[in-house]
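Novice: give the three-dimensional model of this entry:
(one chain, ligands or ions: 1)
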Amino acid sequence: MSRKIFKPKVQRIYIIKLPISVNSLIRQFTNKVTQSSKLSIFMKNMRIREEARALLYEWVKSESLRKHCLSVAVAMAGYAKKLNLSDDEIELYWMSGLLHDLDYERFPDINVHPIEGCKELRRREFDEEIITAILGHNEKTGIKRYGKMAKTLFAVDELCGLIMALAKVRPENFEVMSSESVKKAMKKKDFAAAINREDIQKGIVELEVSEDEHFELVINSLKESKGELGF
Ligand SMILES: [Fe+2]
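Specialist: Have a look, this model is predicted:
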């Protein structure tokens with residue numbers, strides 16, 4: 001008995017080879033579309049940043065408080081990048097840091113700050129996640145820190161104050177600064193005495209990060225923006 005041999009039908013595939021010039025035109029067009037959407041996201045985020053900065057400058061006249069707000073913003077953005085968040089989420093983290101002490105100059109009473117600033121942010125239709133995170137950084141508001149952004153903001157706020165103070169007294173500012181330098185500064189109670197060390201420790205526990213990694217990430221974030229921070 002002869003075995004039937006299965007012969008698959010081979011279909012002829014015609015490959016249309018476009019001239020190189022057409023292929024390269026298509027590629028150039030695709031690149032341009034990608035670049036222009038990246039550019040439009042970049043431009044949108046730049047505009048949002050400028051609006052947030054203008055609001056901060058309207059409410060805060062003290063140069064040192066502005067710098068503090070900016071230091072918290074860059075530390076927040078550093079964390080968002082480490083978490084591989086999207087560009088839009090990085091902006092939200094950055095803004096929560098920049099605006100967290102928005103009303104501190106006008107309303108320094110710890111029972112009012114940052115409630116008044118958040119009323120303004122709500123009026124201007126800022127993202128509710130930013131507002132909740134900002135409210136949560138002062139426990140007097142009674143707003144719990146559930147989200148990552150809120151926990152990060154609390155964890156970096158006082159720490160930025162300590163690291164900025166440390167950078168100011170070191171001739172090499174952020175260079176060769178390590179987590180060990182921060183730990184030593186934490187122990188010296190008379191150095192930057194207004195910084196609440198307990199809040200720094202509490203923030204680390206809440207965020208569930210190692211102390212060394214936390215300190216290093218904030219040092220590196222501030223170092224990357226040292227020009228803007230006045231160093
Ligand atoms: Fe602060």
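Novice: tell me which element the residue nearest to the spatial centre of the chain is part of?
Specialist: For the chain, the residue nearest the mean C-alpha position is A77 (1.6 Å; Cα atoms, centre = their mean). Element membership of A77, judged by DSSP states H and E, is helix 63-82.
Novice: pretty sure the residue nearest to the centre of the chain contacts S96?
Specialist: No: A77 is beyond contact range of S96, at 10.0 Å (criterion: Cβ atoms under 8 Å). In short, each C-beta sits where N, CA and C put it, glycine included.
Novice: re the thing from before, hmm, who's touching the helix holding A77?
Specialist: Where contact means Cβ atoms under 8 Å, 6 or more residues apart in numbering, the residues beyond helix 63-82 that reach it are 56-57, 60, 89-90, 92-102, 104-105, 149, 152-153, 156-157, 159-161, 163-164, 217-218, 220-222, 224-225, 228-230.
Novice: and the gap between M46 and S37?
Specialist: Distance from M46 to S37, counting by Cβ to Cβ, to the nearest Å: 15 Å.
Novice: that should have said E175, apologies.
Specialist: 38 Å.
Novice: and if you look at G136?
Specialist: G136 is 34 Å from S37, where distance means Cβ to Cβ.
Novice: which of these two has more neighbours?
Specialist: G136 (23 against 10; other Cβ atoms under 10 Å).
Novice: check contacts around that one.
Specialist: Shown in contact with G136 (Cβ under 8 Å, 6+ apart): I143, K144, R145, A150, L153, F154.
Novice: again, but for K61
Specialist: K61 makes contacts with E105, as judged by Cβ under 8 Å, 6+ apart.
Novice: could you look up the SS state of it?
Specialist: coil (DSSP: H, G, I helix; E, B strand; the rest coil).
Novice: quick one: contacts of stretch 216-227?
Specialist: Contact with stretch 216-227 is made by 70-71, 74-75, 77-79, 82, 156, 159-160, 163-164, 167, 173-175, 177-179, 182, 229, as judged by Cβ under 8 Å, 6+ apart.
Novice: out of those, which end up buried?
Specialist: Neighbour counting with 16 or more other Cβ atoms under 10 Å marks 70-71, 74-75, 77-79, 156, 159-160, 163-164, 167, 173-174, 177, 179, 182, 229 as buried within the contacts of stretch 216-227.
Novice: where does the chain have low pLDDT?
Specialist: 1-23, 25-27, 29-35 (pLDDT under 70).
Novice: what residues does it put near the ion?
Specialist: With Cβ under 5 Å from the ion as the criterion, the chain meets the ion at residues D101, D157.
Novice: the helices in the chain, which residues?
Specialist: Counting by DSSP state H, the chain has helices at residues 20-59, 63-82, 87-99, 115-123, 128-136, 148-169, 179-187, 197-207, 211-224.
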